[in-house]
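> what's the 3D shape of this:
(one chain, ligands or ions: 1)
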Amino acid sequence: MQIDIVTIFPEMFDGALSAGVIPIALKKKIVKVNLHNLRDFTHDKHKQVDDAPYGGGPGMVMKPEPFFEAVPAVAGCSLNELKKFCRVILFTPQGEALKQKKILEFSKEKRLILLCPRYEGIDERIREHLITDEVSIGDFVVSGGEFPAMVFMDSVIRLLPGVLGSEASLDEESFSNGLLEYPQYTRPNNFMGLRVPEILLSGNHAEIARWRRQKSLERTAKRRPDLLEKIVSTKEEKKLLNKTEKESS
Ligand SMILES: C[S@@+](CC[C@H](N)C(=O)[O-])C[C@H]1O[C@@H](n2cnc3c(N)ncnc32)[C@H](O)[C@@H]1O
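Alright, predicted model coming up:
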């Protein structure tokens with residue numbers, strides 16, 4: 001996969017690209033990440049990327065010209081062909097809220113171009129003619145697209161085959177199977193009198209799997225009942241959930 005990031009603050013990505021999971025993927029050549037400074041696609045003395053909004057109002061708006069020049073240049077194709085070869089993603093609080101299912105979809109792509117606006121946002125013509133996807137990281141506002149792009153990039157890259165040591169863990173973690181993950185424990189078994197649930201020490205894999213499923217259901221029912229409605233389908237799961245509800249009432 002190749003990810004190209006267009007930003008006025010490429011240096012913000014230094015940390016994300018140098019620690020954690022992303023540098024492992026870079027080293028293994030599973031992903032290539034290129035940073036592009038939007039100001040390199042301006043032609044005036046001040047490398048200006050923003051201007052006052054038409055109609056007045058507070059703040060500045062990002063100008064169309066640098067984006068219209070940067071995106072085809074980065075993609076290596078004409079504006080008309082752009083959408084055939086890559087997904088061009090705009091980070092905006094007005095976009096589709098990110099979900100694991102969508103991240104999985106993006107992880108199957110060969111080329112992603114991430115646009116990171118600043119100020120009050122972008123000229124609407126960029127949205128209308130350059131973008132394939134508008135992505136939000138939640139119902140709150142940060143001051144630029146760089147942090148959302150890092151969140152997005154990390155969540156996509158960790159799904160690429162060969163990046164994580166234990167890919168089986170991806171199937172069990174929160175949201176992958178539609179539920180929140182079960183509680184986890186590690187050594188010591190007895191920590192200041194606090195003991196690990198007996199079942200996890202039993203070696204009975206079928207019972208452990210059942211316990212985990214029940215805890216997953218229980219946790220999801222308490223914290224995210226909205227998720228549960230879509231998931232609980234089998235008789236066995238309904239039984240587990242009823243048991244959970246009785247136990248917690
Ligand atoms: C200060 S915000 C602008 C918000 C814009 N005026 C609005 O009301 O929609 C600057 C930039 O940060 C990014 N941003 C802020 N919050 C975001 C979120 N929740 N998800 C994705 N991007 C976000 C967007 O790229 C946005 O253009």
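
> domains for the protein, by residue range?
Per the record, the chain has its domains at 2-157, 168-248, by automatic domain parsing.

> tell me the average confidence for the last one?
Confidence for domain 168-248, expressed as mean pLDDT, is 86.

> for this structure, which residues are neighbours of the ligand?
Listed as neighbours of the ligand in the chain under the rule Cβ under 6 Å from any ligand atom: 91-94, 117-118, 120-121, 136-138, 140-145, 148. To be clear about C-beta, it is placed using only N, CA and C from the backbone, and glycine gets the same treatment.

> from those residues, which land in strands?
Residues of the residues of the chain next to the ligand located in strands (DSSP state E): 91-94, 136.

> what about the nearest residue to residue 202 once chain neighbours are set aside, which helix or strand?
Once flanking residues are discounted, residue 202 sits nearest to residue 208: 7.0 Å by Cβ to Cβ, 6 or more residues apart in numbering. Assigned by DSSP states H and E, residue 208 belongs to helix 205-223.

> elements contacting the following helix or strand past that helix?
Counting by DSSP H and E, the next helix or strand C-terminal to helix 205-223 is helix 225-231. Applying 3 or more Cβ pairs under 8 Å, 6 or more residues apart in numbering; DSSP states H and E, we find helix 225-231 packed against helix 205-223.

> list the buried residues in the helix it packs on.
208, 211-221 (16 or more other Cβ atoms under 10 Å).

> mind listing what residue 5 touches?
Neighbour list for residue 5: 13, 33-36, 113-114, 116, 149, 153 [criterion: Cβ atoms under 8 Å, 6 or more residues apart in numbering].

> same question but for residue 104, I mixed them up
Listed by Cβ under 8 Å, 6+ apart, the contact set of residue 104 reads residue 159.
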